[in-house]
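Asks: Quick one: sequence plus predicted model below, questions after.
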Amino acid sequence: MDETKKKEQASTHKIGIYLWIWGLLFVLSFFSYMVDWYQFQGLLRWSLILIFMFLKAGLIMAFFMHLFWERYALVNVLLWPMTAIACFIFLMVAEFEYTVFTRLFYFVVGGQ
Amino acid sequence: MSDPKIEGYVFKPGFKGMAQDTGSDQTMFKGVHWGKAMMWIFLLSDTFIFSCFLISYMKGRGSTLIEWPNPSEVFALDAFGVPVPLLLIAIMTFVLITSSGTMALAVKYGYEKNRKMCGWLVLATALGGLTFVGMQAFEWSKLIHEGVRPWENPFGAPQFGSFFFMITGFHGTHVSIGVIFLFIYAYKVFAGHYDEEKRGWFTTMKGNYVEIEILGLYWHFVDLVWVFIFAFFYLW
């Protein structure tokens, strides 16, 4: 009897960890709203937005979606494809810079 | 949970377990409920869809020569006569995080076979999602009244409307589908389908509280996507 009870409790986590993560998510969301409230501009704004975004996404994935406790096979299958997205972002940054260049060159300067 | 097809399989943690799991000429993710593995694969493909939307938004916003509308003014809301920037969006974010937390607790109580707590928490999650969709409908109608269309808007670059409706609309669709399933699963939990191992409508497999975890994965993913939309579309 005791052994089966122990086994059942092994598959679940203490309520404290969920409440902590929940609270942290609220605090981080509040911080990211404050970024807009105080109208930070430029590099400070972008870096703060990205830091809070990745922290929130990481907490949700690691603890709410249980990835922190999952087997490595699943974690690797999920996270390696993200490098393809990172590549795509770099490609499209080059692409929009080129588009802006051609628009400025032909629309504003007149191609001369 | 153990997979009856794989005899004598003992799960090992770390990279050793990963090599064993992927390279033994057998099923991958041994012992994992197939629905959970498939939900993760689906979420991975959905990640790519949302990434493509956000990357095309980045490309559109980066390549226009006309000034982009300032989101903290476009999405400002009057509270007691004072315009508060992003007020509705901030409330929507908090509502979605609240519902994500109740879902995480529902999964926990589901595994502890606490039927009542699990049911109430799934129901609370559904109501949170419903509130979110309602506020999004309000936001859409407000912007449409102000003249925002997919091809033009009074604030600046005309691409703004098409990206806004596409990205938030696709996310809102995900939330709406999630809400429908949350209500169905709340009923199933309260009715005791998982305690009695009752079979579902389209399957011969026995019901199990792991289905609540699968639903939870989907719901947390919807919250996860909102984190990125909030950062890139509303704050940037």
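Replies: Nice, I can see it. In this text the structure is predicted, and so the values were computed from the model without any measurement.
Asks: going forward, measure contacts and count neighbours with C-alpha atoms only.
Replies: OK.
Asks: Which segments of chain A make up each domain?
Replies: Annotated domains of chain A cover A:2-70, A:81-112 [automatic domain parsing].
Asks: Could you do chain B as well?
Replies: Split by automatic domain parsing, chain B gives B:1-32, B:34-235.
Asks: Serialize these to CSV and add fields for distance to chain A and mean neighbour count.
Replies: Output for these, formatted as CSV (distance: least, CA to the nearest CA, whole Å; neighbours: other CA atoms under 10 Å in any protein chain shown):
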stretch, distance to chain A, mean neighbour count
domain B:1-32, 5, 13
domain B:34-235, 5, 18
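Asks: looking at the ones you listed, which has the lowest confidence?
Replies: The stretch with the lowest mean pLDDT among those is domain B:1-32, at a mean of 73.
Asks: still on that earlier bit, A:A62 is nearest to which of the domains of chain B?
Replies: domain B:34-235 (10.9 Å; CA to CA).
Asks: The nearest residue to B:G178 once chain neighbours are set aside is in what secondary structure piece?
Replies: When the adjacent residues along the chain are set aside, B:G178 lies closest to B:W219, with 6.5 Å between them (CA to CA, 6 or more residues apart in numbering or on different chains). Using DSSP states H and E, B:W219 falls within helix B:210-229.
Asks: Also B:M58?
Replies: Using DSSP H and E, B:M58 maps to helix B:34-63.
Asks: could you list every residue that touches the residue most central in space within chain B?
Replies: For chain B, the residue sitting closest to the mean C-alpha position, by CA atoms, centre = their mean, is B:V222 at 1.3 Å. Applying CA atoms under 8 Å, 6 or more residues apart in numbering or on different chains, we find B:V222 in contact with B:H171, B:H174, B:V175.
Asks: who touches the second one in this structure?
Replies: Yep, that's B:H174 we're talking about. Counted by CA under 8 Å, 6+ apart, B:H174 has contacts B:V222.
Asks: what residues are up against the residue nearest to B:G178?
Replies: Taking CA under 8 Å, 6+ apart as the test, what B:W219 contacts is B:S100, B:M103, B:V175, B:G178.
Asks: State the pair within these that is farthest apart.
Replies: Spanning the widest gap among these are B:M103 and B:V175, at 13.5 Å by CA to CA.
Asks: Checking my notes, B:D78 in a strand, right?
Replies: Yes. The assignment for B:D78, made by DSSP: H, G, I helix; E, B strand; the rest coil, places it in a strand.
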